[in-house]
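S.K.: Build the 3D model from these lines:
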Amino acid sequence: MINAYLSNGSVSELTPDKPEFLLPDDVVWIDLHHPTSAEDQFVEQLLSISIPTRDELKDIEPSSRLYAENGALYMTGSLVWRADSKDSKLTDVAFILTADRLVTVRYADPKSFSLFVAALGRAPEETCNGRTLLAHLLETIADRTAEIMETVVSRVDHLATDIFRERTERRPPKFLESKLAEIAEVHRLVGKVRDSLGSLSRLLTFLQNASVIQKDEDVRKLCATVAQDVTTLSEHASFVAGNIAFLLDASLGLINVEQNAIIKIFSIASVVFLPPTLVASIYGMNFQHMPELSWQLGYPLALFAMVLSAIIPFFFFRWKGWL
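M.R.: Reported below is the predicted structural model:
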């Protein structure tokens with residue numbers, strides 16, 4: 001699908017079934033959403049530029065993601081997609097800046113694009129050009145990333161509260177184990193955010209050094225502000241990642257403590273019942289000459305000896321502080 005956005009904020013869909021079609025001069029942004037090969041060729045003929053394919057967007061070499069060709073700037077950034085679900089992903093988006101238009105190529109629908117389109121109609125028409133749109137789109141992407149980080153911080157706070165909750169409160173046996181899955185999910189999302197921010201940082205550095213941006217003072221300042229926001233978000237994401245690592249270590253430590261407490265109970269029980277077992281074993285032996293067997297009080301005395309041999313180790317352990 002090809003959406004053409006005009007300088008007044010309106011949008012129209014372009015179709016490649018009209019080879020003689022001429023692009024209006026007031027079209028400032030062409031958005032290719034899941035384009036077919038025919039749609040790629042159609043836009044290439046309209047603008048006399050090459051459109052990167054889906055496989056080309058996946059290239060990780062800087063020379064394949066950030067370059068200039070035939071007067072156009074080609075930039076590929078990785079954006080967080082499906083951040084609100086349990087299966088967050090990164091999607092590669094191409095930003096192509098020509099002399100007067102912006103072209104984007106994407107095979108996913110990041111929320112930042114829908115937010116930007118919703119606010120596009122409020123932009124002043126006289127300042128609506130490809131350079132300004134790109135700067136504001138990157139600003140929207142940074143703002144959306146900040147929202148994702150706010151959600152992550154909230155989830156980390158809730159996880160910390162649940163993990164370090166007072167042990168007096170009754171919790172399911174597998175409570176901490178279930179939190180490990182949540183920690184892994186949040187850690188995965190933060191990892192995607194950090195990768196995205198690193199990609200955006202390189203993109204903004206390349207964009208700010210472009211001559212077309214250097215000549216536009218307003219756009220240059222906006223790009224510098226967005227770059228600073230991305231740097232701040234990267235530092236914040238690193239801090240949150242450290243907190244998540246701490247929660248993971250703390251959860252594993254608490255699980256070990258609980259498991260050790262269970263093993264401790266069994267160990268103490270076995271030690272406490274070892275002396276009674278010894279007494280019972282002695283008086284369970286089938287020897288003919290055992291004086292206690294002929295006593296009238298031999299049986300209750302044996303029971304008393306077994307109980308006493310269990311009580312003495314128990315109180316000894318408590319006195320030593322092992323219980």
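S.K.: Burial check on Leu46, number of neighbours?
M.R.: Leu46 has 19 neighbours, counted by other CB atoms under 10 Å. C-beta coordinates here come from the backbone N, C-alpha and C atoms, glycine included.
S.K.: Which residue ranges of the stretch 101-250 of the chain form helices?
M.R.: Secondary structure of the stretch 101-250 of the chain (DSSP state H, counting those that start in this stretch): helices located at 111-120, 130-163, 175-208, 211-214, 217-272.
S.K.: With distance to Leu297 and mean neighbour count added, can I get those helices in TSV?
M.R.: Output for those, formatted as TSV (distance: least, CB to CB, whole Å; neighbours: other CB atoms under 10 Å):
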stretch	distance to Leu297	mean neighbour count
helix 111-120	84	17
helix 130-163	56	19
helix 175-208	52	19
helix 211-214	102	15
helix 217-272	25	15
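S.K.: Pretty sure Lys179 sits against Arg165.
M.R.: No - Lys179 is not in contact with Arg165 according to CB atoms under 8 Å; the separation is 10.5 Å.
S.K.: Endpoint to endpoint, stretch 23-38 covers what distance?
M.R.: Stretch 23-38 has its terminal residues 17 Å apart, counting by CA to CA, to the nearest Å.
S.K.: Not counting its own residues, what contacts it?
M.R.: Residues outside stretch 23-38 that contact it (CB atoms under 8 Å, 6 or more residues apart in numbering): 1-8, 14, 16, 39-40, 43, 46-47, 51, 53, 100-107, 109, 113, 128-130, 133.
S.K.: Mark which of these are part of strands, please.
M.R.: Using DSSP state E, the members of the contacts of stretch 23-38 that fall within strands are 2-6, 14, 102-106.
S.K.: Show me what counts as buried in stretch 300-309.
M.R.: 302, 305-306, 309 (16 or more other CB atoms under 10 Å).
S.K.: wait, which of the residues you listed is closest to Val193?
M.R.: Of all those, Val193 sits closest to Ser309, with 62.0 Å by CB to CB.
S.K.: dump the residue contacts of that closest one.
M.R.: 275-276, 278-279.
S.K.: Find me the pLDDT at the closest residue to Arg194 other than its chain neighbours, would you?
M.R.: Nearest non-adjacent residue to Arg194, counting by CB to CB, 6 or more residues apart in numbering: Ala237, 4.9 Å away. Ala237 carries a pLDDT score of 91 in this model.
S.K.: can I assume Ala237 is in contact with Leu197?
M.R.: Yes - counting by CB under 8 Å, Leu197 is a contact partner of Ala237 at 6.3 Å.
S.K.: Give the rounded mean pLDDT of stretch 296-310.
M.R.: The pLDDT scores in stretch 296-310 average 78.
S.K.: How far off centre is it?
M.R.: With CA atoms, centre = their mean, to the nearest Å as the basis, stretch 296-310 stands 64 Å off its chain's centre.
S.K.: cool, stretch 3-23 as well?
M.R.: 37 Å.
S.K.: buried stuff in it?
M.R.: Those would be 4-7, 14, 16, for stretch 3-23 by 16+ other CB under 10 Å.
S.K.: shaky segments in the stretch 101-250 of the chain?
M.R.: Residue ranges of the stretch 101-250 of the chain with pLDDT under 70: 121-127, 166-173.
S.K.: Next, count neighbours for Trp319.
M.R.: Counted with other CB under 10 Å, Trp319 comes out at 9.
S.K.: Only alpha carbons, please: show the one helix or strand it maps to as PDB.
M.R.: In the assignment (DSSP states H and E), Trp319 maps to helix 298-320. The C-alpha coordinates for helix 298-320 follow below in PDB (Å, rounded to 0.1, in the frame of the first residue of the first chain):
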ATOM      1  CA  GLY A 298      10.800 -51.600  80.000                       C
ATOM      2  CA  TYR A 299       8.400 -50.700  77.100                       C
ATOM      3  CA  PRO A 300       7.400 -47.200  78.500                       C
ATOM      4  CA  LEU A 301      11.000 -46.500  79.500                       C
ATOM      5  CA  ALA A 302      12.100 -47.200  75.900                       C
ATOM      6  CA  LEU A 303       9.400 -44.900  74.500                       C
ATOM      7  CA  PHE A 304      10.500 -42.200  77.000                       C
ATOM      8  CA  ALA A 305      14.100 -42.700  75.900                       C
ATOM      9  CA  MET A 306      13.100 -42.300  72.300                       C
ATOM     10  CA  VAL A 307      11.100 -39.100  72.900                       C
ATOM     11  CA  LEU A 308      13.800 -37.600  75.100                       C
ATOM     12  CA  SER A 309      16.500 -38.400  72.500                       C
ATOM     13  CA  ALA A 310      14.400 -36.400  70.000                       C
ATOM     14  CA  ILE A 311      13.700 -33.500  72.300                       C
ATOM     15  CA  ILE A 312      17.300 -32.900  73.400                       C
ATOM     16  CA  PRO A 313      18.700 -32.300  69.800                       C
ATOM     17  CA  PHE A 314      15.800 -30.100  68.900                       C
ATOM     18  CA  PHE A 315      16.300 -27.700  71.800                       C
ATOM     19  CA  PHE A 316      20.100 -27.900  71.300                       C
ATOM     20  CA  PHE A 317      19.600 -26.700  67.700                       C
ATOM     21  CA  ARG A 318      17.400 -23.900  68.800                       C
ATOM     22  CA  TRP A 319      19.900 -22.800  71.400                       C
ATOM     23  CA  LYS A 320      22.600 -22.700  68.800                       C
END
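S.K.: Great, nothing more from me.
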